[in-house]
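S.K.: give the three-dimensional model of this entry:
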Amino acid sequence: MSILENWMELLRRHWNFALGQRLDWLNSTRCQINCCSIISEPIGEIPEKVDYYTQQAALKETKVLFPEYKAIYTEVQQLNLQRLDKAWKRWLIPDKSGKRGGRPKFKKKGELRSISFSRVNHPKAVCFLEGNTLRIPKLGVFPVVLHRDIPEGFTLKTATIVRKADGYYVCITASDETIPDLKPIDTVKTAVGIDVGLKEFLTTSDNETVATPQFYRKVQSHLARQQRFISRQEKGSNSYKRQQNNIARIHQRIQRQRKDFHYKTAHQLVRK
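M.R.: Numbering: from 1, shown residues only. Take a look at the predicted model:
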């Protein structure tokens, strides 16, 4: 796992460098006014456009200047740049409704928590899921607890290793070529309208209500006490890191409780 942590740290630095390149290019090519001055205008060299393709081509130079990047697979670095490119375009280019995302941020140490592989169980892949083990030649073999069995006929596509408060998780995407037939609307006999609110979690058109479970409110005092503990400890010490992990586990448990509640509520509505 120490190698994986080192990879995430190197990818974090690469993310910050690539983001800085893009911001420098944007600031040097953007005019502060909406037109050029009539009297005079400074003439300078227009910098080369910085995008995903130029930064991908610079990966070879990066490995020459910083040999530690040679240990990381090229596809992992490319996917890291692709994630930055998607965040960059969401910020500059509005969607169909005219909304844009926030500006990509520089990541502090430990904030990059995932790495992705573009192929799984492929002849040219570097990531292999074999039964209950995940094999990555440069990282080793890891035992995996499968959340569910992979259905027959599905083709594994990508894998993403994510670091969370209680350990590491791997997210596998799969595809299936078969498309199920849609149920005709004429055959639907029942329908219900749902209104999501603040006082109640939801209210249906049949006057049925589902109360808000308030998972956060139930542990709010406990969470505040744990945050007081960490405020008294020296930042960066081992005790500080342990307490930081305890707080992260509390938030993770709240997140899982909400997710489980949402799935169960939706399943109950669909079953009716």
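
S.K.: helix/strand/coil for residue 195?
M.R.: strand (DSSP: H, G, I helix; E, B strand; the rest coil).

S.K.: for it, which non-adjacent residue is closest in space?
M.R.: residue 203 (5.0 Å; CB to CB, 6 or more residues apart in numbering). In short, each C-beta sits where N, CA and C put it, glycine included.

S.K.: ok, the nearest residue to residue 227 once chain neighbours are set aside - contacts?
M.R.: Once flanking residues are discounted, residue 227 sits nearest to residue 247: 6.4 Å by CB to CB, 6+ apart. When contacts are counted by CB atoms under 8 Å, 6 or more residues apart in numbering, residue 247 touches 223, 226-227, 230.

S.K.: quick one: pLDDT of residue 247?
M.R.: On the pLDDT scale, residue 247 is placed at 96.

S.K.: how about the helix or strand harbouring it: buried residues?
M.R.: In this assignment (DSSP states H and E), residue 247 forms part of helix 238-271. Residues of helix 238-271 classed as buried: 240, 243-244, 250, 254 (neighbour count, 16 or more other CB atoms under 10 Å).

S.K.: likewise stretch 140-159?
M.R.: By neighbour count, with 16+ other CB under 10 Å as the criterion, the buried positions of stretch 140-159 are 144, 156, 158-159.

S.K.: can you give me the helices in the stretch 1-150 of the chain?
M.R.: Using DSSP state H, counting those that start in this stretch, the helices assigned to the stretch 1-150 of the chain run over residues 2-29, 52-57, 59-65, 74-92.

S.K.: TSV please, covering these and showing distance to residue 267.
M.R.: Below are the helices of the stretch 1-150 of the chain laid out as TSV (distance: least, CB to CB, whole Å):
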stretch	distance to residue 267
helix 2-29	35
helix 52-57	40
helix 59-65	45
helix 74-92	32
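
S.K.: out of those, which is closest to residue 109?
M.R.: Closest to residue 109 of the helices of the stretch 1-150 of the chain is helix 2-29 (CB to CB; 7.1 Å).

S.K.: got the angle for that closest one vs helix 74-92?
M.R.: Relative orientation of helix 2-29 and helix 74-92, computed by axes from the mean of the first three to the mean of the last three CA atoms, to 10 degrees: 40 degrees.

S.K.: that'll do, ta.
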